[in-house]
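Colleague: Sharing a model that was predicted from the sequence below.
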Amino acid sequence: MTPPRFKLVACTAQHIGDRMEQQDRVGIFTSRRMPGAALFVVADGMGGKTGGAMAAQQVMTTAKGLFEEYSPSVESVHALLTQIVYEAHTIIKLSALSSEKEPHSTFVALVLQPERADWAHVGDSRLYRFNAAELVQRTVDHSYVEQLIAEKKIRPEEAQSHRLSNLLTSALGTARLPDITFGSAQDISPGEIYLLCSDGLWHYFSDAELGVILSTAAPRAASERLIQLTRERARGTGDNCTLSIARLDPPDPAPKKRYGRS
């Protein structure tokens, strides 16, 4: 049997912020058909008094069900992530017709396997990939301000304070099919840290600050620190705050063989 390349240490955390309802959802799932792999998902629901929570929960239900039945010998992880998005999108749209609400949701997901990582996102919930404290990759939001940055109409540092910073260009449950952006990393190794989070968290941090916090504390302690700082910086106007952390630690040493007389 091939020895493990890393030990996965993971956690999730949430805070309702200063809202009346928690409309974010987060989950970590495993699959009997894909031993040694894990699916991480964050969804930020929007629309109506309870529509956002319903949409985000539908993302979780769809992701969990499809991952449990996923067979890597039949389809790719890319196909799995695509199916999750499109199926959840369709069900959310049907829910809107029956409930007379306007539910939408963002989506960001990570599939970790023993030798690689794959992810996808829709909207402005993000994935960060760090090597220790150094940012290696980050998703780019499907948002109006990111379009302005790409068109060089505003500078990146102006994005968070822009009056239309919350305007999305893609989400699940809208009239048009979601745009999905994919990413992957091969030969993943100990020292890497992945953060998935809603905009209620990342809005208050620079990339560098996130890297320092994640690399200097265990995932549970880091999540508590991030939420504490988010609440302080929100000053009574904070959104729902949700995150999941996956850290790749060195594997535990193999137990020494003991020899004795038979």
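Modeller: Now that the structure is in, tell me what you want to look at.
Colleague: low-scoring pLDDT stretches of the stretch 51-200 of the chain, where are they?
Modeller: Residue ranges of the stretch 51-200 of the chain with pLDDT under 70: 98-100, 157-165.
Colleague: In it, mark out all the helices, start to finish.
Modeller: Using DSSP state H, counting those that start in this stretch, the helices of the stretch 51-200 of the chain run over 51-69, 77-99, 144-150, 199-202.
Colleague: most packed of the ones you listed?
Modeller: Greatest average neighbour count among those goes to helix 199-202 (a mean of 26), per mean count of other C-beta atoms under 10 Å. (Glycine included, C-beta is placed from N, CA and C.)
Colleague: other SSEs contacting that one?
Modeller: helix 219-234, strand 241-249 (3 or more C-beta pairs under 8 Å, 6 or more residues apart in numbering; DSSP states H and E).
Colleague: The last one: how far from the chain's middle?
Modeller: It stands for strand 241-249. 9 Å (C-alpha atoms, centre = their mean, to the nearest Å).
Colleague: I'd like to know which elements that strand is packed against.
Modeller: Against strand 241-249 (3+ C-beta pairs under 8 Å, 6+ apart) you get strand 7-15, strand 24-29, strand 38-46, strand 192-197, helix 199-202, helix 219-234.
Colleague: What residues sit buried inside that strand?
Modeller: For strand 241-249, burial by neighbour count (16 or more other C-beta atoms under 10 Å) applies to 241-248.
Colleague: related to what we said a few turns ago, could you export the helices of the stretch 51-200 of the chain to JSON lines, including columns for distance to Asp124?
Modeller: Converted to JSON lines, those look like this (distance: least, C-beta to C-beta, whole Å):
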{"stretch": "helix 51-69", "distance to Asp124": "14"}
{"stretch": "helix 77-99", "distance to Asp124": "15"}
{"stretch": "helix 144-150", "distance to Asp124": "8"}
{"stretch": "helix 199-202", "distance to Asp124": "5"}
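Colleague: re earlier: turn the buried residues of strand 241-249 into JSON lines, including distance to Val77.
Modeller: Below are the buried residues of strand 241-249 laid out as JSON lines (distance: C-beta to C-beta, whole Å):
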{"residue": "Cys241", "distance to Val77": "28"}
{"residue": "Thr242", "distance to Val77": "23"}
{"residue": "Leu243", "distance to Val77": "22"}
{"residue": "Ser244", "distance to Val77": "18"}
{"residue": "Ile245", "distance to Val77": "20"}
{"residue": "Ala246", "distance to Val77": "15"}
{"residue": "Arg247", "distance to Val77": "21"}
{"residue": "Leu248", "distance to Val77": "17"}
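Colleague: What pLDDT does the model give Thr2?
Modeller: In this model, Thr2 is scored at 63, pLDDT.
Colleague: The one 10 residues further on now?
Modeller: Thr12 carries a pLDDT value of 98.
Colleague: so what's the residue lying closest to Arg32 once chain neighbours are set aside up against?
Modeller: Nearest non-adjacent residue to Arg32, counting by C-beta to C-beta, 6 or more residues apart in numbering: Glu68, 7.0 Å away. Residues in contact with Glu68 (C-beta atoms under 8 Å, 6 or more residues apart in numbering) are 29, 31-33.
Colleague: Farthest-apart pair in those, please.
Modeller: Of all pairs drawn from these, the greatest distance, 12.0 Å, lies between Phe29 and Arg33 (C-beta to C-beta).
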